[in-house]
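K.L.:
Got a predicted structure plus its sequence, pasted below:
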Amino acid sequence: MARVICAGHVNWDVTLSVDRLPVADGEATITGQTHACGGSACNVATGLTALGDEAAILGSVGDDEHGTRAVRNLESAGVDCDPLVVTDGETAVKYLVVDPDGEVAILGNDGGNEAFAADDLDEADIAAADHLHLTSQDPETAAALADRAHDHGLRVSFDPGRRIDARDFAAPLARADLVFVNEREAATAIEDHFGPADDLEKTVVLKHGSGGAEVLTPCGHYASHHGFSIEVVDTTGAGDAFAAGFLSTWLDGGAEPDFDRCLAVGNACGALAAAERGPHAPLSRDRVASLLDD
């Protein structure tokens with residue numbers, strides 16, 4: 001069992017199920033509505049605890065009802081919220097609009113989800129951890145956190161998310177030992193930040209959604225997994241669930257992880273997430289094992 005610090009955005013998510021994603025000057029009917037704590041750091045942390053690992057979260061929420069509910073959600077999932085920063089501002093709220101095919105459009109404000117700094121993480125918290133997982137956040141904060149983690153001998157993973165084209169993540173990408181990207185993000189990251197695919201200096205996990213995922217390592221090792229055939233309900237948080245499953249297995253593998261197993265578990269977690277509404281996948285070791293055995 002590993003202990004992972006997840007750093008990044010903590011939001012309050014309002015998921016609206018609609019009969020269609022509206023076009024400009026169009027209208028859609030809301031068929032369902034749910035509320036939950038969200039944000040990539042939150043989703044990975046709750047995924048890890050559901051799989052039996054320990055997770056602490058570093059992020060920031062406002063001193064408001066949304067922030068209080070977000071913390072309550074995290075604590076009920078077993079996430080250590082001691083590093084979480086509470087600010088005087090508003091908690092970031094995201095509205096996730098999901099169509100019947102599981103496709104998602106997102107509206108939101110940033111609120112106070114980048115009010116935390118690298119030095120908000122206590123030395124004792126870093127010393128007690130086995131790994132640092134960075135998600136989309138202020139690049140300077142991410143880079144400083146990676147440096148502090150490396151000083152304590154921790155490995156660092158980074159999932160830059162959809163903002164990779166809009167923010168300069170060169171520094172945290174350079175410091176990460178393991179990077180998660182999807183196909184669109186890889187088009188920018190592989191050449192711009194990592195160099196040619198056949199000369200990588202870090203391990204890269206390339207996510208293909210329903211098409212599975214693959215791993216490329218600095219030593220030239222390659223692994224792939226085709227994914228699982230499921231009925232997609234909501235893709236929100238599926239990539240984060242994948243990261244939680246991959247990390248849990250990777251950290252359990254020691255110096256020589258079984259990347260085939262990491263991909264299989266990650267894809268199983270992503271599939272379980274995509275088959276349910278909302279950002280929090282109903283993960284468990286038993287559910288993953290059942291899907292792997294099918």
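P.N.:
Good, I have the coordinates. Numbering: from 1, shown residues only.
K.L.:
Can you show me the helices along this structure?
P.N.:
For the chain, the helices defined by DSSP state H occupy 40-50, 65-76, 123-127, 139-151, 170-175, 183-189, 238-252, 259-274, 285-293.
K.L.:
Distance from the fifth one to the middle of the chain?
P.N.:
Here the centre of helix 170-175 is set off from its chain's centre by 17 Å, with C-alpha atoms, centre = their mean, to the nearest Å.
K.L.:
Mind listing residues that contact that helix?
P.N.:
Residues from elsewhere that reach helix 170-175, judged by C-beta atoms under 8 Å, 6 or more residues apart in numbering: 134, 139-140, 142-143, 146-147, 150, 156, 158, 160, 179, 189, 193-194. Every residue, glycine included, has its C-beta placed from N, CA and C.
K.L.:
Taking the centroid of the chain, which residue is nearest it?
P.N.:
In the chain, the C-alpha closest to the average C-alpha coordinate belongs to residue 240, at a distance of 3.4 Å (C-alpha atoms, centre = their mean).
K.L.:
Once you drop chain neighbours, what's closest to that residue?
P.N.:
For residue 240, ignoring the flanking residues on the chain, the nearest one in space by C-beta to C-beta, 6 or more residues apart in numbering is residue 43 at 3.5 Å.
K.L.:
Looks like the one you found contacts residue 270 (just checking).
P.N.:
No: when contacts are counted by C-beta atoms under 8 Å, residue 43 is not listed as touching residue 270 (11.3 Å).
K.L.:
For these two, list the residues in contact with both.
P.N.:
With C-beta under 8 Å, 6+ apart, residue 43 and residue 270 have common neighbours 241, 281.
K.L.:
isn't residue 110 right next to residue 90, touching?
P.N.:
No: with contacts counted by C-beta under 8 Å, residue 110 stays clear of residue 90, the gap being 9.6 Å.
K.L.:
any idea of the pLDDT on the residue nearest to residue 134 when sequence neighbours are not counted?
P.N.:
Spatial nearest neighbour of residue 134, chain neighbours left out: residue 158 (4.4 Å); criterion: C-beta to C-beta, 6+ apart. Residue 158 is assigned 95 on the pLDDT scale.
K.L.:
Residue 158 and residue 16: what is the separation?
P.N.:
Remark: distance between residue 158 and residue 16 (C-beta to C-beta, to the nearest Å) = 30 Å.
K.L.:
Those two: which has the busier surroundings?
P.N.:
Using other C-beta atoms under 10 Å as the criterion, residue 158 and residue 16 rank with residue 158 on top: 29 against 16.
K.L.:
got a list of what the more buried one touches?
P.N.:
133-135, 142, 146, 169, 172-173, 175-176, 178-180.
K.L.:
Could I get the contacting residues of the residue nearest to the centre of the chain?
P.N.:
Residue 240 touches 40, 43-44, 47, 135, 159, 273, 279, counting by C-beta under 8 Å, 6+ apart.
K.L.:
Most widely separated two among the residues you listed?
P.N.:
Farthest-apart pair in the contacts of residue 240 is 135 and 273; separation 15.6 Å (C-beta to C-beta).
K.L.:
who's more crowded, those two?
P.N.:
The neighbour comparison of residue 135 against residue 273 (other C-beta under 10 Å) goes to residue 273, with 29 against 25.
K.L.:
right, and the more buried one touches residue 241 too?
P.N.:
Yes: between residue 273 and residue 241 there is a contact at 3.7 Å, judged by C-beta under 8 Å.
K.L.:
anything in contact with each of the two?
P.N.:
Joint contacts of residue 273 and residue 241 (C-beta under 8 Å, 6+ apart) are 281, 283.
K.L.:
quick one: the strands in the stretch 101-250 of the chain?
P.N.:
Using DSSP state E, counting those that start in this stretch, the strands of the stretch 101-250 of the chain run over residues 104-108, 131-135, 155-159, 178-182, 203-207, 213-216, 222-225.
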